[in-house]
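1. Turn this into a structure:
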Amino acid sequence: MKVFVRLLATAIGFATLPVHAVVQAQSFPRPLPEESIPSVTPLPAQWPKSWVLINDLHFNSLVDGRVVVVDTASADQPLKGIIRAAQFANMLISKKRGEILTSETFYSRLTRGDRTDAITVWNMADLQPKGEIVLPSGKRQQSVTYPNLFQFTNNDKWALVANFTPAQSVSVVDLDGRKVLNEIDLPGCSQIYPTGERGFSSLCADGSIFSATLDDQGKVATSKTIKAVQDIDRQPLFSAPAMVGKTAWFVSLYGMLQGFDLSGPVARPIPGAFSVGAAPGGAPEWRPGGWQVINADGAGRLYVLMTPAGKEGSHKDGGTEVWVIDPATKSRVARYPLKGQSIAIAITREERPHMVLSRADGVIDIYDAADGSFVRTLGATVAFNPIVITPVQ
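-> Sure, this is the predicted structure:
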C-alpha cells in the first residue's frame with residue numbers, strides 16, 4: 001500500500017509539472033531582440049555646445065588614461081565616447097582640423113622597456129586613430145595633466161610640446177607634415193601660452209615671462225623677456241589661465257588677478273592687477289583652490305574656485321564656492337555655493353551657458369552659469385580622475 005501511495009504521489013507530481021511550467025512561461029518577460037555586434041552609434045557632424053572633453057588621469061592605472069567625450073545636458077547617457085591617452089597625457093581639439101590630439105607616452109613592456117613619446121591623431125567623426133607623430137624619446141614632460149603643456153600655434157598647423165628631462169624645452173611639431181621641426185631650450189621657464197600668430201610665451205621661475213616668435217622652420221626668430229611680471233614669493237600665479245580671446249587671466253594663490261595680452265609677438269602684462277575680493281566666513285580665509293581653478297565664459301566673465309580654508313598648501317584642495325568676476329569693472333558680481341568640493345571648472349558655450357564642475361571624488365556636477373543654480377549631477381560615471389575640462393567651442 002505504501003509503495004502504491006508513493007507511486008501515486010510521484011505520478012501526480014509529474015502530472016502537475018507541465019502546468020507549473022506553463023505558468024512560468026506566461027509570466028516571463030519577452031526576450032530582448034538580438035543585438036548586432038559591434039554596435040557603434042555615430043557622433044554628430046557638429047558636436048553640440050553642451051559637450052565637453054574631460055581628461056581622465058586614471059591615477060590608479062596611469063597607463064590606461066583616457067579622454068572622455070561627455071554631453072553635460074544628458075542625465076541618463078552622458079558618456080558619448082572614449083579615446084585612450086596614456087601616461088599623464090595631454091589633449092588638444094581642433095574643429096578646423098576635425099581632430100583630437102593626444103600627447104602621450106608608451107613603454108614596450110607596458111610599464112617598462114623602451115619608451116616612446118608620441119602625438120596620436122584621432123578623428124573627431126568616429127574617435128578612431130588616424131596617425132601618429134613620434135617625438136624625441138624620453139623628453140615629453142610627464143606630470144599631472146596641465147592644459148598648457150601641449151598647445152597649438154600657427155593657426156593649428158603646429159603643436160608645441162613641453163619637455164622636461166629635467167632640462168626644460170619645447171618641441172615644435174608640424175602636424176600636416178607629421179614631423180618634429182625643432183626643439184627650443186627653455187631654461188628656468190615652463191608652460192606654453194600661444195602668443196601672436198606663430199609663437200609662444202612661458203612663465204619663468206624668477207618672476208619674468210619669456211616670449212618667442214618662430215620662423216617657418218620652427219626656429220626662434222625673435223625673443224624677449226619681460227622681468228617681474230609676478231611676485232613669486234608673495235603672489236605666485238596658478239599656471240592655467242582663463243582665456244578671453246587673446247587675453248590670458250591668471251589668478252594668484254592669494255586671489256590677485258593679472259591679465260596678459262597675448263595677441264602680439266610679446267606677452268604684455270595688463271596694468272592694474274586686482275583682487276577677487278574678500279568675504280566673511282573664511283577659516284582662516286577665502287583663497288583660490290583647485291587644479292583647473294579659473295575659467296571664463298563667452299562674455300568674458302571669470303569664474304574662480306574658492307575655498308574658505310585658505311592656508312599654506314590649500315591651493316590644490318579645491319573650492320566650495322565659485323566667485324564670478326567682471327574684469328571690465330574689476331569687481332565680483334556673484335558667489336555660487338557648490339554641492340561638493342570641486343577641483344576643476346569649465347563653462348560651456350551654449351546660448352545659456354553652464355558651469356561644469358569636477359569633484360575630487362570623480363563626480364561631475366552641472367550648474368546654471370547665469371544664477372549658480374544646481375541643474376544636475378552626472379555622478380562618478382564618466383571618469384575616474386576628471387582633472388581638466390575642455391568645452392566644445
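
2. Strands of the stretch 151-300 of the chain, residue ranges please.
-> For the stretch 151-300 of the chain, strands defined by DSSP state E, counting those that start in this stretch occupy the ranges 158-164, 168-174, 179-185, 189-194, 199-204, 209-214, 220-226, 242-244, 247-251, 256-261, 268-269, 274-275, 287-288, 294-296.

3. Quick one: list the elements packing against the fifth one.
-> Pointing back at strand 199-204 there. strand 150-153, strand 189-194, strand 209-214 (3 or more CB pairs under 8 Å, 6 or more residues apart in numbering; DSSP states H and E). The C-beta positions use only the backbone N, C-alpha and C, and glycine is treated the same way.

4. can I get the ones you listed in CSV with mean pLDDT, distance to Pro327 and mean neighbour count?
-> Below are the helices and strands packed on strand 199-204 laid out as CSV (pLDDT from 0 to 100; distance: least, CB to CB, whole Å; neighbours: other CB atoms under 10 Å):
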stretch, mean pLDDT, distance to Pro327, mean neighbour count
strand 150-153, 98, 22, 21
strand 189-194, 97, 17, 21
strand 209-214, 98, 19, 22
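
5. Out of those strands, the one nearest Val229 is which?
-> strand 209-214 (4.8 Å; CB to CB).

6. returning to what we had before: of the helices and strands packed on strand 199-204, which is nearest Phe106?
-> strand 150-153 (16.2 Å).

7. can you list contacts of the closest one?
-> Strand 150-153 is contacted from outside by 90-92, 94, 101, 103, 158-162, 192-194, 198-200, 214, using CB atoms under 8 Å, 6 or more residues apart in numbering.

8. hmm, back to that, would you mind giving the strands of the stretch 151-300 of the chain as a markdown table with distance to Ser27 added?
-> Shown next, in a markdown table, are those (distance: least, CB to CB, whole Å):
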| stretch | distance to Ser27 |
| --- | --- |
| strand 158-164 | 61 |
| strand 168-174 | 63 |
| strand 179-185 | 66 |
| strand 189-194 | 64 |
| strand 199-204 | 68 |
| strand 209-214 | 73 |
| strand 220-226 | 77 |
| strand 242-244 | 59 |
| strand 247-251 | 62 |
| strand 256-261 | 66 |
| strand 268-269 | 74 |
| strand 274-275 | 68 |
| strand 287-288 | 60 |
| strand 294-296 | 54 |
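
9. looking at the ones you listed, which is closest to Ile325?
-> strand 256-261 (6.7 Å).

10. What is the closest one packed up against?
-> strand 247-251, strand 268-269, strand 274-275.

11. Nearest to Gly379 among the strands of the stretch 151-300 of the chain would be which one?
-> That would be strand 294-296 among the strands of the stretch 151-300 of the chain, by CB to CB, at 21.8 Å.

12. any idea of the mean pLDDT in the helix or strand just after that closest one?
-> Where DSSP states H and E defines the elements, the next helix or strand beyond strand 294-296 is strand 302-307. Averaged across strand 302-307, the pLDDT comes to 98.

13. what comes into contact with strand 302-307?
-> Under the contact criterion CB under 8 Å, 6+ apart, strand 302-307 has outside partners 242, 244, 249, 251, 255, 257, 276, 286-290, 293-297, 314, 317-327, 341-343, 345, 347, 355, 369.

14. could you dump the helices and strands packed on strand 256-261 to JSON lines with mean pLDDT and distance to Leu186?
-> Shown next, in JSON lines, are the helices and strands packed on strand 256-261 (pLDDT from 0 to 100; distance: least, CB to CB, whole Å):
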{"stretch": "strand 247-251", "mean pLDDT": "98", "distance to Leu186": "18"}
{"stretch": "strand 268-269", "mean pLDDT": "97", "distance to Leu186": "20"}
{"stretch": "strand 274-275", "mean pLDDT": "97", "distance to Leu186": "30"}
